[in-house]
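In: quick check, what structure comes out for this input:
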Amino acid sequence: MANLGLVILASVVLLAAATTVPVNNVTLATRACQPPHDTYGFCDTSKSIDERVQDLISRLNDDEIPPLLTAREGGGGSPGPPGNISRLGLPEYDWGMNAIHGVQSSCVSQDGTTYCPTSFPNPVNYGFTWNKTAYYELGRVIGVETRALWLAGAVEASTWSGRPHIGLDTWSPNININRSPLWGRNQETPGESPYLNGQFGKLYTVGLQQGADDSYMQAVVTLKHWDAYSLENSDGYTRHNFDAKVSNFSLADTYWPAFEACVKDGKAAGVMCSYNAVNGIPTCAHPLLKHVLRTKWQFDGYVTSDTGAVADIFTEHKYVATGEQAVGVALGQGMTDIDSGKVYSEHLLQALADGNTTRADVNKALYNTLKLRFRLGLFDPIDNQAYWKVPLSEINTEESKSADLLHTLESMVLLKNDKDTLPFATGKKTVVIGPHAKAQAAMAGNYLGQLCPADNFDCITSPFDAMATINGADLVTYSKGCDLTSGSSSDRDAAVQAAKDADQVVLLLGIDQSIEGESHDRTNISLPEIQSQLAAAVIDVGKPTVIVLLNGGMLAIEAEQRSAPAIVEAGYPGFYGGVAIAQTVFGQNDHLGGKLSYTVYPADYITQIKMSDMELTTGPGRTFRYYTGEPLWSFGFGLSFTSFSFTEADKPSVTTFATGSNTTIEFSVKVTNTGSKAGDDVVQVYIAPQNLTQRQHPLIKKLVDFKRIHLQASASTIATFTVSSSVLQLVATESGNTVSTPGVFNLILSNGVDQSLSYPLTVTGDEVVVDPFPIV
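Out: Alright, predicted model coming up:
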């Protein structure tokens, strides 16, 4: 049994034929402390992990250190160094496998069966679910599959990576704030609320890191991107040279809370620092990275740079002049342990020799990173380790497929449904029109592993095919209408004729990775003009018509909001997106009830803001917390095919609080499905300042809790909440201090549409600072 891990690996490292894998990147020896290298002090399991890590560090030669602190050497052209030290029996380890919404790896094959990682909806869709259970389940499945695929020798899916054998730390989740609709990576993050993003990240973290064996970590999350990162290439800047000017207020109020929830409550073991600078200092060298994470929040994990971010310290930001100096400030000021790039590998030893860094700082980085490899069980006997026995049958199980479909169904957001246009009846002639009618890859979004055994997207059911399955192939037709950003009058005329010939029309519109994505922001937030023209012509036919949108960042569809009878926001719904869209359109989605996790602004909103302005309170404001204009659809909005009522169950247990107190508030609401169809609703809990007596504050309201509820027709349930009175605290705009200030606040329970309960809560006494902004 001692070599069970090697037996498993040797028997199953057969990768899908369509995936080309460099032989030397598939390593069988993935565990340290095997004979004849099992007599070192770091192999002695009677010692503490701290003692063992220190023993290993003491045995390292200088030239062995840089590879241990490097990921993806070359910054995008080749795999990182293997991270092995053969003379000590230390095996390879790859830092940097992504798992934003599924393990981003190759499929693996055994005995004629190919196992591909489960690919879930994109994180923006998880924002739409408002379902904490779904957040946890996403992380749990990814954690289990990471172990199974790692054991089987799966490699990174991206060709640029060089396809090394995947590691056990994931560069995910992305919990940055959707502060601007122009940001190209809004699809990767759940939404615009610090609380919602924090809950997503925290529960993803718990699900992924904590598994069947409490003695070890199942895998390691890496929260990204610290900090104030949400610009790719706008206003003349790139993400590599952008210096984000951010007030203490915005850091504490907007950019830190999600990270704090993940670190303090989720026990996240990894953080990624971003490319940009904050107030003149590159994030990977910023003293606040070390001070806030490690001192203030007691973070005890590792920090990696984004790929190339340490190089940016001196090549783009010009913060220092040389690679050696960049090593010094990254390891010392920022305490960035891993360099995803080649700066540490090329400059670390010279930096030590020149005095730009210290052995103490290098050893801290070694300690933070090697400790995780111990906590993952990679230095211990494997006989009693559950994580060394995860079979391939745990990959893409029927249970995970069911969860995947359920989460996708829950993420559908019904934005409009005039005169009950939806659901469409089956048995009627239906035409599916638009550039996304036969979407497969577009639904999958970005950060993808190998989804199909043939390494393509053919195993994904398109919306058109899913509708043909439900309604019958002879009753469902297709007309392209136009491409994403171009088209011809003949294609549009053909679509109009197809609409005239049909009883009901589905328009599949939206954008894709060519318009928004990593490294490229959008330049407008409107639907491509050619698609708006198509929609106008088809809707003008007068048939029952629904627009279904595929997009990560919001779309300002003012004309379509007025003219379309029904609109469904589908985000980037992933592998089961076509099925979920079809079931929603034809009334078979009993879990319809998704809610927007961002504000849908009018098209001219982008003329009132600057992408490079990181403050949320300037101009008309940003996000539901500070936007003072009239949105097309509000954060938290989403309709249903049924109806719900909220009635009071238990009022808040406490309604008056002294400043600085920390009291538990309990309250509950009765939710009833008053319609004739099963469905979902979300109880959203907000705090809204009403009358502050010692200060003014721009906050409109903030989300402090939520609960998704599924009810059969006529059924009721009691939703109970417990929150701390700390939710009444505010961040002072002038200082960034968190304060408890006197005044009246409304506690609001809403479904974002037509149900709302409100209770006044009063804070008395003089304002007190409960958490001062850190000074470094």
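In: return the set of buried residues in stretch 769-776.
Out: With burial defined by 16 or more other Cβ atoms under 10 Å, the residues of stretch 769-776 counted as buried are Phe773. Quick note: C-beta positions are derived from backbone N, CA and C, even for glycine.
In: got any ranges where the stretch 651-776 of the chain has weak pLDDT?
Out: Per-residue confidence of the stretch 651-776 of the chain (counting by pLDDT under 70) places no residue in a weak region.
In: in it, which spans are helices?
Out: Per DSSP state H, counting those that start in this stretch, the stretch 651-776 of the chain carries no helices over any range.
In: what ranges does it have for its strands?
Out: Applying DSSP state E, counting those that start in this stretch to the stretch 651-776 of the chain gives strands spanning 656-658, 664-673, 679-692, 702-711, 716-724, 730-731, 738-740, 743-750, 756-764, 768-771.
In: mind listing what the last one pairs with, with the direction of each?
Out: Strands adjacent to strand 768-771 in the sheet, as given by DSSP bridges, are strand 738-740 (antiparallel).
In: mind checking how far the partner strand is from the chain centre?
Out: Taking the mean of its C-alpha atoms, strand 738-740 sits 29 Å from the chain's own mean (Cα atoms, centre = their mean, to the nearest Å).
In: likewise stretch 730-740?
Out: Using Cα atoms, centre = their mean, the mean C-alpha position of stretch 730-740 is found 28 Å from that of the whole chain.
In: returning to that earlier point: tell me which of the strands of the stretch 651-776 of the chain sits nearest to Lys419.
Out: For these, proximity to Lys419 was assessed by Cβ to Cβ; strand 679-692 is nearest, at 18.5 Å.
In: and the closest residue to Ile85 other than its chain neighbours, helix, strand or coil?
Out: Excluding the flanking residues, the one nearest Ile85 by Cβ to Cβ, 6 or more residues apart in numbering is Glu64, at 5.2 Å. Following DSSP: H, G, I helix; E, B strand; the rest coil, the label given to Glu64 is helix.
In: related to what we said a few turns ago, which one of the strands of the stretch 651-776 of the chain is the most hemmed in?
Out: Of all those, strand 730-731 carries the top mean neighbour count, a mean of 23, counting by mean count of other Cβ atoms under 10 Å.
In: from the rest of the structure, what touches that one?
Out: 249, 252-253, 689, 697, 699, 737-739, 741 (Cβ atoms under 8 Å, 6 or more residues apart in numbering).
In: closest one to Arg522 out of these, please.
Out: Using Cβ to Cβ, these come closest to Arg522 at Asp253, 25.4 Å.
In: quick check, that closest one in a helix?
Out: Yes. Asp253 sits within a helix when classified using three-state DSSP.
In: who does the residue nearest to it when sequence neighbours are not counted form a beta bridge with?
Out: For Asp253, the nearest residue in space outside its immediate sequence neighbours is Val731; the separation is 3.9 Å by Cβ to Cβ, 6+ apart. On the basis of DSSP bridges, Val731 is bridged to Thr738.
In: ranges for the strands of the stretch 151-300 of the chain?
Out: Counting by DSSP E, counting those that start in this stretch, the stretch 151-300 of the chain forms strands over residues 169-170, 220-221, 223-226, 243-244, 270-273, 277-278, 281-282, given from the N-terminal end onward.
In: in JSON lines: those strands, plus mean neighbour count and distance to Phe637.
Out: Listed next are the strands of the stretch 151-300 of the chain as JSON lines, based on neighbours: other Cβ atoms under 10 Å; distance: least, Cβ to Cβ, whole Å:
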{"stretch": "strand 169-170", "mean neighbour count": "28", "distance to Phe637": "32"}
{"stretch": "strand 220-221", "mean neighbour count": "28", "distance to Phe637": "30"}
{"stretch": "strand 223-226", "mean neighbour count": "26", "distance to Phe637": "28"}
{"stretch": "strand 243-244", "mean neighbour count": "20", "distance to Phe637": "30"}
{"stretch": "strand 270-273", "mean neighbour count": "27", "distance to Phe637": "32"}
{"stretch": "strand 277-278", "mean neighbour count": "24", "distance to Phe637": "33"}
{"stretch": "strand 281-282", "mean neighbour count": "26", "distance to Phe637": "38"}
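In: could you dump those to TSV with mean pLDDT and distance to Asp754?
Out: Written out in TSV, the entries for those read as follows (pLDDT from 0 to 100; distance: least, Cβ to Cβ, whole Å):
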stretch	mean pLDDT	distance to Asp754
strand 169-170	95	40
strand 220-221	98	38
strand 223-226	98	36
strand 243-244	98	39
strand 270-273	98	41
strand 277-278	98	41
strand 281-282	98	48
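In: using CSV, lay out those together with distance to Phe200.
Out: Shown next, in CSV, are the strands of the stretch 151-300 of the chain (distance: least, Cβ to Cβ, whole Å):
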stretch, distance to Phe200
strand 169-170, 15
strand 220-221, 12
strand 223-226, 11
strand 243-244, 23
strand 270-273, 16
strand 277-278, 23
strand 281-282, 27
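In: still on that earlier bit, pretty sure the residue nearest to Ile85 is touching Gly83, no?
Out: No. Look at Glu64 against Gly83 with Cβ atoms under 8 Å: they stay out of range, at 9.9 Å.
In: which one's more surrounded, those two?
Out: It is Gly83, of Glu64 and Gly83, that has more neighbours when counted by other Cβ atoms under 10 Å, with 21 against 16.
In: next one: the closest residue in space to that one that isn't next to it in sequence from Trp150, what distance?
Out: Setting aside the residues directly before and after it, Gly83 is nearest to Tyr93 in space (Cβ to Cβ, 6+ apart), at 4.3 Å. In this structure, Tyr93 and Trp150 are separated by 10 Å, where distance is defined by Cβ to Cβ, to the nearest Å.
In: go on, Ile700?
Out: Here Ile700 is placed at a distance of 46 Å from Trp150 (Cβ to Cβ).
In: those two - which one has more neighbours?
Out: When neighbours are counted by other Cβ under 10 Å, Ile700 and Trp150 differ, and Trp150 comes out ahead with 23 against 15.
In: secondary structure class for the more buried one?
Out: Per three-state DSSP, Trp150 ends up helix.
In: got a list of what it touches?
Out: For Trp150, the contact set (Cβ under 8 Å, 6+ apart) comprises 30, 165-168.
In: quick one: those as CSV, columns for pLDDT too.
Out: As requested, those are arranged in CSV below (pLDDT from 0 to 100):
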residue, pLDDT
Thr30, 78
His165, 85
Ile166, 89
Gly167, 90
Leu168, 95
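In: closest to Ser411 out of those?
Out: Comparing these against Ser411 with Cβ to Cβ places Ile166 closest, at 27.0 Å.
In: neighbours around the residue lying closest to that closest one once chain neighbours are set aside, how many?
Out: Taking Cβ to Cβ, 6+ apart as the measure, Ile166 lies nearest to Met97, with 4.3 Å between them; neighbours along the chain are not counted. Burial of Met97 is recorded as 29 neighbouring residues (other Cβ under 10 Å).
In: list the contacts of Met97.
Out: With Cβ under 8 Å, 6+ apart as the criterion, the residues that contact Met97 are 103-105, 146, 156, 166-171.
In: just the ones of these in helices?
Out: Restricting those to those inside helices, with DSSP state H as the criterion, leaves Thr146.
In: so which of the contacts of Met97 wins on neighbours?
Out: Most neighbours among these, by other Cβ under 10 Å: Val103, with 34 neighbours.
In: quick one, what contacts that one?
Out: Taking Cβ under 8 Å, 6+ apart, we find Val103 in contact with 97, 117-118, 142, 145-146, 149, 154, 166, 170, 449.
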